[in-house]
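K.L.:
Give me a model of this one.
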Amino acid sequence: MSDLPRKAVTRTAKLAALPLGIAGRATWGFGKRIVGESAELVGRELQQRTAEQLFKVLGELKGGAMKFGQALSVFESALPEEVAGPYRAALTKLQEAAPPMPTRTVHAVLEERLGEGWNELFLEFEDKPAAAASIGQVHRAVWHDGREVAVKVQYPGAGEALLSDLNQLSRFSRLLGPLIPGMDIKPLITELKDRVSEELDYGLEAQAQQAHAAEFTDDPDVVVPQVVHQSDQVLVTEWMDGIPLSEIISDGTQEQRDRAGQLLARFLFSGPARTGLLHADPHPGNFRLLPGGPEGEDDWRLGVLDFGTVDRLPGGLPATIGESLRMTLDGEAEAVYELLRVEGFVKETIELDPDAVMDYLLPIIEPAQVEEFTFTRGWMRSQAGRVADIRSPAYQLGKQLNLPPSYLLIHRVTLSTIGVLCQLGATVRLREELEEWLPGFVPEDPADGEEAVAEA
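P.N.:
Residues are numbered from 1 along each chain as shown. Alright, predicted model coming up:
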């Protein structure tokens, strides 16, 4: 029997309380405006109270509510500081922990999936979980060959809870929208629902993790734990210590922040080029800083966890992304516009001014215009505010652009990664990573093609 609070009445009541609470606070806000308080002040206070309730409820649940909360939490950089500050600690907790399963439930799952003698596979097994997330929790153990391992155990009924929560959240997605200016919540929930079956399949997760582990073996910058054993609802991988990125965000030195940001950007763009897979769950709980980088013990490497959600990109990231980015930086407005039309970002029924599209894009790609860029919450807020202000040309143009389905997950991962970089306050040489790993960003040298033909 599942120990998730997943009975339909209980889970629905908790989630349904969110829009009712939002509506009640809206009435409270209207009353305060009547007595003379400024709309901006009341709006921010309303936003803060709504966010506090949202993350309190999501933190009490697992399943889709927890998954949605994790996906949303990386965008807190877009919120005004006076709103984001008071509950940033709650967001970090949401990224790292959730109420654990009782020990008896963990043992029952292990016995069902690994056999009655499951405990003989381990020299040691810690009943207290080391981490708990949206669909499973992780226990530290020692495998029978002496290796320290992480044992990921899926919550019974996790799939049912995921879909139930996400369906409920989608019904009032418009009410949640104002929490993150400039972000459309409904497509995020839809995309999370589309990925449920993959995330529940530990066989697919094991394949994706092992592909990364093999590719990044002995890599100077990135560490991925090897897969040790996999069965339905149980995944055993090598244990990885290190400093969680959430701790670097809250207490890290600037050197650690910059190094973490650089390696995060490197992993984002190099992963698809090297493995044909895009790690699609880039919240801080899935990354660690490990000592012992290329410069010795005082340097750092990036440890990467949780490959339950990936985008399969056999040819790497689409060259269209690199080509349009390069042409935008070069000021080729007509060429960029035509490429966006061909790829479906501008629908055939819509006519836009290429120069207006250029004005919309340039602030967004500012980090790629310079040799190094410092990502800040202030910059993130300015971008979110620019596209969310209904009076701005950026808002009007953005409403007319289209995001093709094949780019949905890439778009979310990129935005999430930028959100984490802003939380870190990291100075990153982003252009360097784009030139190295992003197809189409550096134009092909015609001589290279001639050499390839001559060799053939």
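
K.L.:
Tell me how many other residues surround residue 421.
P.N.:
Neighbour count for residue 421, taken as other Cβ atoms under 10 Å: 29. Where C-beta positions appear, they are placed from N, C-alpha and C, glycine not excepted.

K.L.:
for residue 128, that is, sorry about that
P.N.:
Residue 128: 10 neighbours (other Cβ under 10 Å).

K.L.:
mind listing what it touches?
P.N.:
100, 139 (Cβ atoms under 8 Å, 6 or more residues apart in numbering).

K.L.:
List the buried residues of stretch 310-324.
P.N.:
310, 311, 313, 316, 317, 318, 320, 321, 322, 323, 324 (16 or more other Cβ atoms under 10 Å).

K.L.:
Would you mind giving me the confidence score for residue 135?
P.N.:
Note for residue 135: predicted pLDDT of 79.

K.L.:
Let me know the distance separating it from residue 314.
P.N.:
27 Å (Cβ to Cβ, to the nearest Å).

K.L.:
and what of residue 200?
P.N.:
To residue 314, residue 200 is 23 Å away according to Cβ to Cβ.

K.L.:
What of residue 392?
P.N.:
Counting by Cβ to Cβ - residue 392 and residue 314 are separated by 39 Å.

K.L.:
Now do the contacts for the closest residue to residue 281 other than its chain neighbours.
P.N.:
Computed as Cβ to Cβ, 6 or more residues apart in numbering, the closest residue to residue 281 that is not its neighbour in sequence is residue 309, at 4.6 Å. For residue 309, the contact set (Cβ under 8 Å, 6+ apart) comprises 195, 198, 199, 279, 280, 281.

K.L.:
Report how many residues lie close to the last one.
P.N.:
What it means is residue 281. Neighbour tally, residue 281, other Cβ under 10 Å: 23.

K.L.:
how about residue 356, what does it touch?
P.N.:
393, 397.

K.L.:
try residue 364
P.N.:
Per Cβ under 8 Å, 6+ apart, neighbours of residue 364: residue 383.

K.L.:
Ramachandran angles for it?
P.N.:
The phi/psi pair for residue 364 (degrees, to the nearest 10) reads phi -70, psi -40.

K.L.:
one step back: take the buried residues of stretch 310-324 and lay them out in a markdown table including distance to residue 360, secondary structure and pLDDT.
P.N.:
Formatted as a markdown table, the buried residues of stretch 310-324 follow (distance: Cβ to Cβ, whole Å; DSSP: H, G, I helix; E, B strand; the rest coil; pLDDT from 0 to 100):
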| residue | distance to residue 360 | secondary structure | pLDDT |
| --- | --- | --- | --- |
| 310 | 30 | strand | 93 |
| 311 | 25 | strand | 92 |
| 313 | 26 | coil | 95 |
| 316 | 26 | coil | 94 |
| 317 | 21 | coil | 96 |
| 318 | 20 | coil | 95 |
| 320 | 17 | helix | 95 |
| 321 | 16 | helix | 95 |
| 322 | 19 | helix | 96 |
| 323 | 18 | helix | 96 |
| 324 | 13 | helix | 95 |
